[in-house]
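Trainee: After the sequence you'll find the predicted model.
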Amino acid sequence: QMAQAYIDLSDLGPGEHVVPIEVEMSVSPTRILSLEPAEITLTLEESITKIYPITLNETGEVALGFEVDHVLLSELSTQVSGPSSLTSRIDNVVAFLSYTDERTNFSSSLGLRALDEDGIVINGLTFQPNEVIVQVFVQQSGGYREVAVAVETLGQPATGFRVIDITVDPPIVTLFSDDL
């Protein structure tokens, strides 16, 4: 490489700056006739790091007849870093968990998102840790029971016919009673 262009930011603080482009030549004697662009405009922001609690945002439902007993998060807070224009907008840090007819305990790894006061995701931030492992404990609700559907056949098929297969759909039904 005969020439290397760079800018010097060492004495600059936050704000908008017009910075000249410097060129360093590795071969001499040399002379720079023109440099385009000769300068650039940039904005520097203070980098902010702050610790936020993690909020679990739960949507959906577990299966009928089941309920979430309790939920455990591997982390209760996260360190968020980024430019002050973004970090100043943070209202909360959220992990989104969606239930879809679960009947048993489960674990899931969830990414973290920073939201502003309107619930809009703020991009361009760094999280440490950047995800949380959630353990969900599901139990059967009182009065509900799941029962396998069993087919009981009566009689015999007509002459010349035979039963090859019986399919049950749904294979399990949920019953409710005050006596269960």
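Mentor: The structure has been received and is ready for your questions.

Trainee: And the longest strand along the chain, what's buried?
Mentor: Longest strand in the chain, counting residues (DSSP state E): strand 47-61. For strand 47-61, burial by neighbour count (16 or more other C-beta atoms under 10 Å) applies to 48, 52, 54. For glycine as for every other residue, the C-beta is placed from the backbone atoms N, C-alpha and C.

Trainee: Mind pulling the model confidence for the residue nearest to the second one when sequence neighbours are not counted?
Mentor: In this case it means Y52. Nearest residue to Y52, sequence neighbours excluded (C-beta to C-beta, 6 or more residues apart in numbering): V93, at 4.3 Å. Looking at V93, its pLDDT reads 98.

Trainee: about what we covered before: tell me the strands beside the longest strand of the chain, with direction?
Mentor: Partner strands for strand 47-61, per DSSP bridges, with pairing direction: strand 77-83 (antiparallel), strand 92-100 (parallel).

Trainee: and the next element down the chain from the first one?
Mentor: Same thing as strand 77-83. Heading C-terminal from strand 77-83, the first helix or strand you meet, by DSSP states H and E, is helix 84-87.
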